[in-house]
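Asks: sequence and computational prediction follow.
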Amino acid sequence: MGKITIDRNACKGCGLCAINCPEKLIIIDESMNVRGVHPAKFTETDPEKCKGCKMCAIMCPEVCIEVYK
Amino acid sequence: MAKILMCGNEVIGEAAVHAGCTFYAGYPITPQNELTHYMSFRMQEAGGTFIQAESELAAINLVLGASAAGARAMTSSSSPGISLKQEGISYMAACQLPAVIVNMMRGGPGLGNIAPSQADYFQATRGGGHGDYRTMVLAPSTVEEAWNLTQLAFDLADEYRNPVMILGDGILGQMMEPVEVVRRHLNGRNAVSSHKPWALTGCKGRKPNVVRSLFLGEGELEELNRIMQMKYNKIKSKEPRFESLYTEDSDLVVVAYGTTSRIVRSAISKARHEHLHVGMFRPVTLWPFPEAQLQKLARKSKAFLVVEMSAGQMLDDVKLSILGQRPIHFHGRAGGGVPTEEAIIEAIKDILKPKSRKRVYA
Amino acid sequence: MKKVFERPASLRAVPTHYCSGCGHSIVHRLVCEVIDELGIREDVIAVCPVGCAVIAYEYWDFDCSEAPHGRTPCVATGIKRVHPDKVVFSYQGDGDLAAIGTAEIIHTANRGENITVFFINNGVYGMTNGQMAPTTLIGQKTSTSIHGRDITRDGYPMKMSELLSQLPGAKYIERVSVDNPANVLKTRAAIKKALKCQMEGKGFSLVEILSPCPTYWGLSPKDACRRIEDEMSKAFPLGVIKDA
């Protein structure tokens, strides 16, 4: 069981976290952040699937993901 | 202390060691090789670092790194090599890093020749690389003076956090003269304390230091330039150095520096035996140019003669100092030619007794 | 729950100037992670290149110097020779290391200078609008090879790591990439190994990192990573090139 937090306004919307999440728990938000990009967003539907594997954070260029386990 | 015989190039090396230089990087080029040879073993003996670099570009940037790390560092070269170093010198001026750069000039432009020359005056005194900066330029005329000025150069570089250049030529570099090997603290300056709070030493117990010359923020670079110009104005008011010879009663003042001033000195002594009222003004610092001091002479003297081993470069600074108040004559030889005593005496006579002679210098 | 991943302490909490999906920021973080792990933040002196990473010192919370373009290893050498007890690394792009600074990197490696070099290879000049670099792949379109790199006109992609590995002074050279999590972790391990190589006084170490430049490759961050796997790592094979 894990959890991530995403700094929504630091995100540049590259999506590398989303494509590397083995459970596909990260989506690209339809609304924009302060940078004017569509940021990554942690799933609201089945967050319990997160294992805290850190793949998203390891790929995140902006270091805007923190992982809890 | 006893005097020993050394050539100018070696003396600069030994003086650097005495001044606490612990880093030297260079690349072979004539006529300054004796200095590189000397430093190759002397740095090792003194517990410093010697690197024979792959190019002048590498050498100046090795010095940049060593200086950023807080060491007293030096490089040397001759005209074409100094052209290559200009990139690094501009960066060091902008990063406000001290260093001593020796240029034993040779005939130019291009590969030129290895004969003595003073044709890098513009390059040395106007900055030489890109951007609004200056390097202090010290021009020794004897081996003894090279000893003193080299040590002063390190002190000035640290004090103003700016590169300082020693400008000579193959004659000064290779000529042997007696020199007293003793550490000088000129003008009451002690070796500036080794405390360099800006140096890169690892950020133990302090905020990280950054050595940089890129300033993209609005107004940042303008502010750096303002600070640099304040520093340069201080140097201009505090640091001009010169020597005057018989200028008290001279109708004509010959202006010359470095090797050329040696020839002028003996020409003047002969001319005075012939009752010609001629003296010499020798700038020791080429930048800052002793403008005010030369300007003063314009009140008493009737004319000036500039003698250089160039097509007329210091001539411009003399003109800027005299501001049209007196006629300024020029005798120069470019491309490795050395003015002779006879030619200088003849030029002096042409100016002081024009009516009795055929040729008049304009 | 316990926090298991956060920003390394020596990476300042400020947004970077890098484009979305740029590999530079990943490598910046990895360097900081390793520095924190080794506990050497106060002993590190970094030299930043001319290029996209020129203001890395805005992000790195330790002593840094700029260097003129390509002279990065010279500046690092000067610092290291003055402070042999410090950990000195240069961080260079492919224009800096493989074009304008070719002589400097070769001679620094050949002297066996005990410094570490992190070499970011993304095959383009990012800072100046995506011109062709010495490492640009054959056929790759850039702003100075709009029909693709042509070997008859532009020569071949330069394999700097292989070239440098020929020099006895070079002790450890590895090529890694940051296109997926497994490779990012390998990059982290290589960075650590290289810095330890220096700390143990072994001599010159270099890590070449294949890094995405989505902006000047004209690809999405996802496709840029895929390109590293499909094309770039074919021309620049990953792995340890030298470990002496």
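Replies: Happy to help now that I have it.

Asks: can you pull out the strands in the stretch 51-200 of chain B?
Replies: Taking DSSP state E, counting those that start in this stretch as the test, the strands found in the stretch 51-200 of chain B are B:73-77, B:99-105, B:136-138, B:163-169, B:176-180.

Asks: any idea of the mean pLDDT in stretch C:189-208?
Replies: Mean per-residue pLDDT for stretch C:189-208: 98.

Asks: correction: the previous question concerned stretch C:21-31.
Replies: For stretch C:21-31, mean pLDDT is 98.

Asks: ok so, going back, redo the strands of the stretch 51-200 of chain B as JSON lines? Include distance to chain A.
Replies: All C-beta spots, glycine's among them, are computed from the backbone N, C-alpha and C. As requested, the strands of the stretch 51-200 of chain B are exported to JSON lines (distance: least, CB to the nearest CB, whole Å):
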{"stretch": "strand B:73-77", "distance to chain A": "37"}
{"stretch": "strand B:99-105", "distance to chain A": "38"}
{"stretch": "strand B:136-138", "distance to chain A": "45"}
{"stretch": "strand B:163-169", "distance to chain A": "39"}
{"stretch": "strand B:176-180", "distance to chain A": "60"}
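
Asks: hmm, who's touching stretch C:123-138?
Replies: Stretch C:123-138 is touched from outside by C:19, C:22, C:50-52, C:54, C:93-95, C:98-99, C:102, C:121-122, C:140, C:142-145, C:148-151, C:154-158, C:160, C:213, C:215-217, C:231-232, C:235-236, with contacts defined as CB atoms under 8 Å, 6 or more residues apart in numbering or on different chains.

Asks: wait, which of the strands of the stretch 51-200 of chain B is closest to chain C?
Replies: Set against chain C and scored by CB to the nearest CB, the strands of the stretch 51-200 of chain B come closest in strand B:73-77, at 7.3 Å.

Asks: from the chain's centroid, how far away is the closest one?
Replies: Distance of strand B:73-77 from the chain centroid (CA atoms, centre = their mean, to the nearest Å) equals 13 Å.

Asks: stretch B:121-130 now?
Replies: Per CA atoms, centre = their mean, the centroid offset for stretch B:121-130 relative to its chain is 11 Å.

Asks: ok, and what's touching that stretch?
Replies: Contacts of stretch B:121-130 from elsewhere in the structure, counted by CB under 8 Å, 6+ apart, are B:82-83, B:86-87, B:89-90, B:93, B:103, B:133-135, B:137, B:165, B:167, B:286-287, B:289, B:308, B:310, B:313-314, B:316-317.

Asks: what's the spacing between B:Val73 and B:Leu97?
Replies: For the record, residue B:73 is Ala, not Val. According to CB to CB, to the nearest Å, B:Ala73 and B:Leu97 sit 9 Å apart.

Asks: one step back: keep only the contacts of stretch C:123-138 that also lie close to chain A.
Replies: With CB under 8 Å from any CB of the partner chain as the criterion, the contacts of stretch C:123-138 include C:Cys19, C:Cys22 near chain A.

Asks: among the contacts of stretch C:123-138, which lie within helices?
Replies: C:Asp94, C:Gly95, C:Thr102, C:Ile151, C:Asp154, C:Met160, C:Thr215, C:Tyr216, C:Trp217, C:Ala235 (DSSP state H).

Asks: tabulate these (TSV), appending distance to C:Asp223, pLDDT and neighbour count.
Replies: Output for those, formatted as TSV (distance: CB to CB, whole Å; pLDDT from 0 to 100; neighbours: other CB atoms under 10 Å in any protein chain shown):
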residue	distance to C:Asp223	pLDDT	neighbour count
C:Asp94	20	97	25
C:Gly95	23	97	26
C:Thr102	31	98	16
C:Ile151	25	97	10
C:Asp154	24	97	17
C:Met160	25	98	26
C:Thr215	12	98	20
C:Tyr216	13	98	22
C:Trp217	8	98	22
C:Ala235	17	98	16
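
Asks: doesn't B:Met176 make contact with B:Cys7?
Replies: Yes - the pair formed by B:Cys7 and B:Met176 meets the contact definition of CB atoms under 8 Å, at 4.9 Å.
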